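Student: Compute the structure for the input listed below.
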Amino acid sequence: MPALFRRAGFDADGGKVRVGAGVKVFSGPEARKWLAWRATGQLQRGDAVRQSWLDVGITEEEIQQTLDAVAKWAEMEDAWYVSPQCEMLAWK
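Tutor: Numbers count the residues shown, from 1 in each chain. Got it, this is the predicted structure:
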């Protein structure tokens with residue numbers, strides 16, 4: 001990413017681009033229930049996320065397999081989910 005900022009005219013080598021990272025962890029029954037609800041909603045017919053999957057060649061069968069796996073995951077007592085994030089700050 002610093003290369004992208006460098007090409008856009010930022011002084012990545014002079015300390016004016018900061019790169020960091022963070023993480024979000026979801027655990028517990030309520031978090032699993034919410035994540036499953038969200039994923040299931042995004043993969044319903046008519047949703048833009050589902051359409052984007054179809055547009056890149058993911059099949060209806062694969063979408064159904066994903067929905068089945070999400071439902072099974074949400075019922076697992078020890079299941080959790082982690083989401084890493086990239087953080088960039090740049091100034092001129």
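Student: Pick out the residue nearest the middle of the chain.
Tutor: residue 83 (6.6 Å; C-alpha atoms, centre = their mean).
Student: What strand or helix carries the nearest residue to that one once chain neighbours are set aside?
Tutor: Excluding the flanking residues, the one nearest residue 83 by C-beta to C-beta, 6 or more residues apart in numbering is residue 24, at 4.6 Å. (C-beta placed from N, C-alpha, C; glycine too.) Under the criterion of DSSP states H and E, residue 24 resides in strand 17-27.
Student: Sheet-wise, list the partners of that strand with their directions.
Tutor: With DSSP bridges as the test, strand 17-27 is paired with strand 80-90 (antiparallel).
Student: Quick one: mean pLDDT over the partner strand.
Tutor: Strand 80-90 shows a mean pLDDT of 95.
Student: Mind listing what's buried along that strand?
Tutor: residue 90 (16 or more other C-beta atoms under 10 Å).
Student: Repeat that for stretch 1-12.
Tutor: Applying 16+ other C-beta under 10 Å to stretch 1-12 flags 5, 10, 12 as buried.
Student: Considering those, which is situated nearest to residue 50?
Tutor: residue 5 (33.6 Å; C-beta to C-beta).
Student: just to revisit the earlier point, measure the residue nearest to residue 83 to residue 37 for me?
Tutor: 17 Å (C-beta to C-beta, to the nearest Å).
Student: Neighbour count: those two, which is higher?
Tutor: A count of neighbours by other C-beta atoms under 10 Å puts residue 37 above the other of residue 24 and residue 37, at 12 against 9.
Student: Check the secondary structure at residue 13 for me.
Tutor: Under DSSP: H, G, I helix; E, B strand; the rest coil, residue 13 falls in the helix class.
Student: circling back: ok, so of the buried residues of stretch 1-12, who is nearest residue 66?
Tutor: Distances from residue 66 to the buried residues of stretch 1-12, taken as C-beta to C-beta, are shortest for residue 5 (34.8 Å).
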